[in-house]
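Peer 1: Output the structure for:
(chains A and B, ligands or ions: 2)
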Amino acid sequence: MRKVYLDHSATTPVRPEVVEVMNQYLTNNFGNASSVHSFGREARKGLETAREQIANLIKAQPEEIFFTSGGTEADNMAIIGTAFANQKKGKHIITTQIEHHAVLETCHHLEKLGFEVTYLPVDKNALVSVEKVKEAIRDDTILISMMHANNEVGTIQPVKEVGALAKEKGIVFHVDAVQSFGKLPIDVNEMNIDLLSASSHKIYGPKGIGCLFLRKGTKVEPLMFGGAQERKRRPGTENVPAIVGFGLAAELAGKEMAQENERLTKLRDKLIQGILEKIPHVQLNGHPTQRLANNVNVSFHYVEGESLLLMLDMKGIAASSGSACTSGSLDPSHVLLAMGISHEIAHGSLRMTLGKVNTEEDIDYCLEVLPDIVAKLRSMSPLYNSGKIEN
Amino acid sequence: MYSEKVMDHFMNPRNVGELENANGIGEVGNAKCGDIMRIYIDVEDSIIKDIKFKTFGCGAAIATSSMVTEMVKGKTIDEALKVTNKAVAEALGGLPPVKMHCSNLAADALHKAIENYKQNMQKNTQN
Ligand SMILES: Cc1ncc(COP(=O)(O)O)c(C=O)c1O
Ligand code: FES
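Peer 2: Numbering: from 1, shown residues only, chains lettered A, B, ... in the order given. Ligands and ions are numbered 1, 2, ... in the order given. Predicted coordinates for the structure are as follows:
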């Protein structure tokens, strides 16, 4: 059976070039990067090369990159670190309702510690309005944290405009770029970004490694204490093989970005058009154009997402859904709800995120099996024909 | 995450659809995740002659709907009333813990359909 992986926003396979370089650092160059001897120096060299590769991709200085265990840790470090470092100045933080849980739960935690957080709403396409950000700013606002591209619906936020606003008001600006790093051009200076989170496993690098860009001069309290690694901001022996892999993955992503985006945009639009043409009662979730080149998110009315995923899986297609039934908490996606989408429509959401391995044949195959699956589920649905859901 | 039996009932659900001459219909919504299940029964001489379901829900919800219809088809309504949510889940070889609430739908919808049938009968004798 044909296997089609359409869940690249969840994670990606490690590309062969990256496996190769990691292998070298797992075996031959296994040294501790803090050691003085030649083994240590080899490891150190790999570590610093990776730092440069990553800095280059976002136009930062290498000494502004701090390796973490992934996007979640980078988000925590940025938000909690900024909050603690600036609490004498103020205790107000601005973020949005559609952030990843790594940001939302961190903000909830800070609320328990006495900070105040404004969660900005979004419009029906999941766009944050710059005006709303402006209105939310107070004298005691110390941080604005906003994602670059949304992981569920792919909507790209006006990061540059918000960055300019934050700079004008002297507020620290954090961007969760986990879904855009290596996929969209980022210039931390032009965009006035002070802190930026990135993760390796979304760009064909290994899991469990990421980084925080921390602009020189930005005050952030460390969350962990120990050795002098990462200039004491993130102590602990560095995971050199993963870091080296992350570095190469970032460099290659940068080199291939323009071409790959063009290719993926074509596939994405073909998939979206095909679905809208072949299947009735369906809607596109997220911005029609201002979206990641690899993101397709649609809702099929009258069907439930988990059943959809199971049936797709039986046909070899791997995707994801914002249905309540697929979340451990049994709540539908907070992103879809924030966009004003009803529970029922969120139930029938399907996210397909494309990547390097996907071809036009994969899209054709998807468009071949999807209509039958949706029809089968609708024939079982008590909502279909009952008029309970309106377009 | 689902047993083979669950997947079998999910992929090849038994008794899907509506019954035009149903004399009992039961519908329940799942308070937990907002899903809906509807069961139609055709009862004759206290025996469930025919039964059909329609479900808007996850794999477990569809599989339990299918299973419960199979368990009670041809049974008396008294026997059907004794079918519990737990029995349905067990007949499917168990469900993952997060999905236990889905099995509640099936037996509840069935019991509601039987209740509805009894009410209909009462109305008929009163007329
Ligand atoms: C927008 C966003 N932020 C943060 C994360 C967390 O990253 P990680 O898995 O590296 O901890 C993810 C991953 O799904 C994400 O999509
Ligand atoms: S019906 Fe929603 S989780 Fe089973």
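Peer 1: any weak-confidence spans in chain B?
Peer 2: B:31-32, B:127 (pLDDT under 70).
Peer 1: how does it look with 80?
Peer 2: Applying pLDDT under 80 to chain B flags the ranges B:30-34, B:124-127.
Peer 1: element containing B:Lys123?
Peer 2: helix B:100-126 (DSSP states H and E).
Peer 1: in that helix, what counts as buried?
Peer 2: Judged by neighbour count (16 or more other C-beta atoms under 10 Å in any protein chain shown), helix B:100-126 contains these buried residues: B:101-114, B:116-117. Placement of C-beta: from N, CA and C, glycine included.
Peer 1: Quick one: name the residues of chain A near chain B.
Peer 2: Applying C-beta under 8 Å from any C-beta of the partner chain, one finds that chain A approaches chain B through A:302-304, A:306-307, A:310-311, A:314, A:323-326, A:328, A:330, A:332, A:343-344, A:347, A:379-383.
Peer 1: Which residues belonging to stretch B:74-92 are considered buried?
Peer 2: Across stretch B:74-92, burial judged by 16+ other C-beta under 10 Å covers B:75, B:77, B:80, B:83, B:85, B:88-89, B:91-92.
Peer 1: hey, which helix or strand in chain A has the poorest pLDDT?
Peer 2: Within chain A, confidence by mean pLDDT, DSSP states H and E is lowest for helix A:343-347 among all helices and strands, at a mean of 91.
Peer 1: how about that helix as PDB, C-alpha atoms only?
Peer 2: Taking Å, rounded to 0.1, in the frame of the first residue of the first chain, the C-alpha atoms of helix A:343-347 are listed here in PDB:
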ATOM      1  CA  HIS A 343     -17.400  22.800  18.100                       C
ATOM      2  CA  GLU A 344     -19.000  20.800  15.400                       C
ATOM      3  CA  ILE A 345     -16.900  22.200  12.600                       C
ATOM      4  CA  ALA A 346     -13.800  21.900  14.600                       C
ATOM      5  CA  HIS A 347     -14.700  18.300  15.100                       C
END
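Peer 1: Okay, buried residues for that helix please.
Peer 2: Buried residues in helix A:343-347 (16+ other C-beta under 10 Å): A:344-347.
Peer 1: that older thread, counting by contacts, list what the helix holding B:Lys123 packs against.
Peer 2: Judged by 3 or more C-beta pairs under 8 Å, 6 or more residues apart in numbering or on different chains; DSSP states H and E, the packing partners of helix B:100-126 are strand B:24-29, strand B:36-44, helix B:59-72, helix B:77-81, helix B:85-91.
Peer 1: angle of the longest one against helix B:100-126?
Peer 2: Meaning helix B:59-72. 40 degrees (axes from the mean of the first three to the mean of the last three C-alpha atoms, to 10 degrees).
Peer 1: For chain A, what lies in contact range of ligand 1?
Peer 2: Within chain A, the positions near ligand 1 by C-beta under 6 Å from any ligand atom are A:70-72, A:75, A:100, A:102, A:147, A:151, A:176, A:178-179, A:199, A:210.
Peer 1: Now render those residues as a markdown table, adding pLDDT.
Peer 2: Shown next, in a markdown table, are the residues of chain A next to ligand 1 (pLDDT from 0 to 100):
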| residue | pLDDT |
| --- | --- |
| A:Gly70 | 98 |
| A:Gly71 | 98 |
| A:Thr72 | 98 |
| A:Asp75 | 98 |
| A:His100 | 98 |
| A:Ala102 | 98 |
| A:Met147 | 98 |
| A:Asn151 | 97 |
| A:Asp176 | 98 |
| A:Val178 | 98 |
| A:Gln179 | 98 |
| A:Ser199 | 98 |
| A:Gly210 | 98 |
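Peer 1: Return the member of those residues nearest to A:Arg263.
Peer 2: A:Arg263 has its nearest neighbour among the residues of chain A next to ligand 1 in A:Gln179, at 18.0 Å by C-beta to C-beta.
Peer 1: how about the helices in the stretch 201-350 of chain A?
Peer 2: Under the criterion DSSP state H, counting those that start in this stretch, helices of the stretch 201-350 of chain A are mapped to A:240-278, A:305-314, A:334-338, A:343-347.
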